[in-house]
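> can't give you the sequence, but here's the structure:
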């Protein structure tokens, strides 16, 4: 029927994707979706790439704290920087949301947007995940890339809608996902229009959050950026539930799916039906799992639905 | 050379547009712009359509105040509503920014985004400008539509970047400009994700401004939405200056132009070099006019550069 979903095992998840595309593109059918309304949104961390044990953007932030430490001698006496610089992983694991905000503000703001882009580009090109010893951008889920490609081939516009920073993700989204920067929606710091020494107009990243793109902010930001509801949405946590619900409220064909991390061999197992500790920043609770079941939203089992997880597998 | 700019007289403005497109699309040339970086931004009020004597969105807001007055008996005793309902034009003309904010909040918020879309769509389909007795969407400048088409035909993505409300402009941008909602950036109220009585996820427009997309906010919002600098930008007021400056700071070919309203016969004459009172909400000051000249940015004279202003002219 189609050769896009080659890394998928036959089963209810694969069928749900194929049935959705068939219904949405069935000219004259009851669920047909005009091409300019074919919009699909994908969460990133845990939906498109590995988020365990820490999200990649936090690994970047921690690396930046080491890089910036010589210019910030006070960090040796100030938490959470002191614990980070001492590599005190037990203390780091106990970071509060306030600590995380301090970490992100210290490493993601205070520079021109172009400079931040260059810093991230340099880091992402060489930094490696310790378990696989591969670049983070290689830890993208091949089956989800295939879904993006399959939807794109059927006239869908693909958007990333992430709790992660949109300036961070935009540096590599084109290369990794084939998604241009204007199709990445995510958490954003305020910027301030200013002038360089040479008089060139530049934007300086400010230590203030414009929005944290999670939970209710996902549909709010989708509306802000796109002005309409998606037809398909993919997530993996409670923070994605409002985006999926908003999408399911559209008329015609819709598809709303959650990725379940239940494969400790090939990736990780955490979240509902596993009994393992969840990712702290974006949990997938049993309540959300039950709600998805009650609404008939297909859950993607990494273990059962995916022939392979990463492109580098045989 | 090209048949796109048929409503333009030969002259420096038309040449600037053609020279820019030639340079940007000259493969191997020194100013070549790759197709995925071809982004052009257009202000709306006064750049794409008539903004005099009041911007169309204010005409909509005033009409809404009459429509909503029966549900708001207090308005008969509260300014600025009292003066509006009494059709006291002298008092209306003295509205402060605070009054205008009250007018916009009272008429643009408190409803679901879909309901607002329906209200605007109904109004814009029938409301008419009193001078021409034509629908406001007919008062779009034909030469500027031709610039949009010409750029589009040469691989540019066209964005509206307006101080007007993006939810307002998105209702008709596809029909009037051929621009889908996700390519309209403008002032935005906060929305709040909520549920309808039937349990459907909906967004409610809140009486709080997320951003007023004028002056420095234009480059800031362009970066927020697009993640990169435009190559071409068109405006007509001081509020567009930072957007033009930001655009001119790009490498390769750039084009930055200002529309001058100097044609009292076919449209209006106001702003610099006319000595007439300017549009209060978005003035084009002599200082900006002088700066454009100093930087070599071509100013578009409606009187001299345009063969016709509106499509309905012979």
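Received, thanks. For clarity, every value in this text was computed on a predicted model and none was experimentally measured. Numbering: from 1, shown residues only, chains lettered A, B, ... in the order given.

> pull out the buried residues from the lowest-mean-pLDDT helix or strand in chain A.
Least confident helix or strand of chain A, by mean pLDDT, DSSP states H and E, is helix A:89-93 with a mean of 87. Of all the residues in helix A:89-93, those buried under the rule 16 or more other CB atoms under 10 Å in any protein chain shown are residue A:92. Using the backbone N, CA and C atoms, a C-beta is placed for each residue, glycine as well.

> which strands or helices does that helix pack on?
helix A:81-85 (3 or more CB pairs under 8 Å, 6 or more residues apart in numbering or on different chains; DSSP states H and E).

> show residues contacting the helix it packs on.
A:62, A:65-66, A:69, A:72, A:75-76, A:91-92, A:102-103, A:106 (CB atoms under 8 Å, 6 or more residues apart in numbering or on different chains).

> one more: stretch A:103-121?
By CB under 8 Å, 6+ apart, stretch A:103-121 touches A:58, A:60-62, A:64-65, A:68, A:72, A:80-81, A:84, A:95, A:165, A:167-168, A:170-172, A:189, A:191, A:196, A:202-207, B:223.

> follow-up on the earlier one: of the contacts of helix A:81-85, closest to chain B?
residue A:106 (21.3 Å; CB to the nearest CB).

> could you look up the SS state of the closest one?
helix (DSSP: H, G, I helix; E, B strand; the rest coil).

> which bits of the stretch 1-150 of chain A sit near chain B?
Counting by CB under 8 Å from any CB of the partner chain, the stretch 1-150 of chain A comes close to chain B at A:36, A:113.

> report the buried residues of stretch A:55-74.
A:55-62, A:64-65.

> widest-spaced pair of the contacts of helix A:81-85?
A:72 and A:91 (18.2 Å; CB to CB).

> for the residue nearest the centre of chain A, which residues are in contact?
The residue lying closest to the centre of chain A (CA atoms, centre = their mean) is residue A:44, at 1.5 Å. Going by CB under 8 Å, 6+ apart, residue A:44 touches A:160, A:162, A:164, A:169, A:186.

> bridge partners for the closest residue to it other than its chain neighbours, pull those for me.
Distance criterion CB to CB, 6 or more residues apart in numbering or on different chains; nearest residue to residue A:44, sequence neighbours excluded, is residue A:162 at 4.0 Å. Residue A:162 has these beta-bridge partners by DSSP bridges: residue A:186.

> pLDDT score assigned to residue A:162?
You'll see residue A:162 listed with a pLDDT of 98.

> repeat that for residue A:281.
pLDDT for residue A:281: 69.

> one more: residue A:274?
66.

> select from the contacts of residue A:44 the one having the most neighbours.
residue A:162 (29 neighbours; other CB atoms under 10 Å in any protein chain shown).

> that residue is in contact with residue A:213, isn't it?
Yes - counting by CB atoms under 8 Å, residue A:162 touches residue A:213, with 6.4 Å between them.

> sorry, back to before: which of the buried residues of stretch A:55-74 lies closest to chain B?
When these are compared against chain B (criterion: CB to the nearest CB), the nearest one is residue A:57, at 16.0 Å.

> now do the same for the closest one: helix, strand or coil?
Classification of residue A:57 using three-state DSSP returns helix.

> who are the contact partners of residue A:268?
With CB under 8 Å, 6+ apart, residue A:268 has these contacts: A:50, A:52, A:261.

> check the gap between the last one and residue A:7 for me.
From residue A:261 over to residue A:7 the distance is 16 Å, taken as CB to CB, to the nearest Å.

> check residue A:101 too.
On the measure of CB to CB, residue A:101 and residue A:7 end up 37 Å apart.

> these two: which is more packed in?
More crowded of residue A:101 and residue A:7, by other CB under 10 Å: residue A:7, with 21 against 14.

> so for that one, what's the pLDDT?
pLDDT at residue A:7 comes out at 97.

> I figured it hits residue A:143, correct?
Yes - using CB under 8 Å, residue A:7 is in contact with residue A:143, at 4.3 Å.

> identify the contacts common to those two.
Counting by CB under 8 Å, 6+ apart, the contacts common to residue A:7 and residue A:143 are A:306-308.

> what about those, which one has the most neighbours?
residue A:306 (25 neighbours).

> what sits opposite that one in the beta ladder?
Under DSSP bridges, the beta-bridge partners of residue A:306 are residue A:8.

> that one contacts residue A:9, correct?
Yes - Residue A:306 lies in contact with residue A:9 (CB under 8 Å); the separation is 6.9 Å.

> stretch A:174-190: end-to-end distance?
End-to-end distance of stretch A:174-190 (CA to CA, to the nearest Å): 23 Å.

> my guess is residue A:196 contacts residue A:203, does it?
No - contact status for residue A:196 versus residue A:203: not in contact, 10.6 Å apart, counting by CB under 8 Å.

> more neighbours: which of those two?
It is residue A:203, of residue A:196 and residue A:203, that has more neighbours when counted by other CB under 10 Å, with 22 against 12.

> and that one, its phi and psi?
Note on residue A:203: backbone dihedrals following degrees, to the nearest 10 are phi -110, psi 130.

> got any ranges where the stretch 151-300 of chain A has weak pLDDT?
A:273-281 (pLDDT under 70).

> return the residues of it in contact with chain B.
Proximity of the stretch 151-300 of chain A to chain B (CB under 8 Å from any CB) is limited to residues A:166-167, A:170, A:174, A:180-182, A:184, A:188, A:190-193, A:200-203, A:210, A:216-217, A:219-220, A:223-228, A:242, A:245-246, A:248-249.
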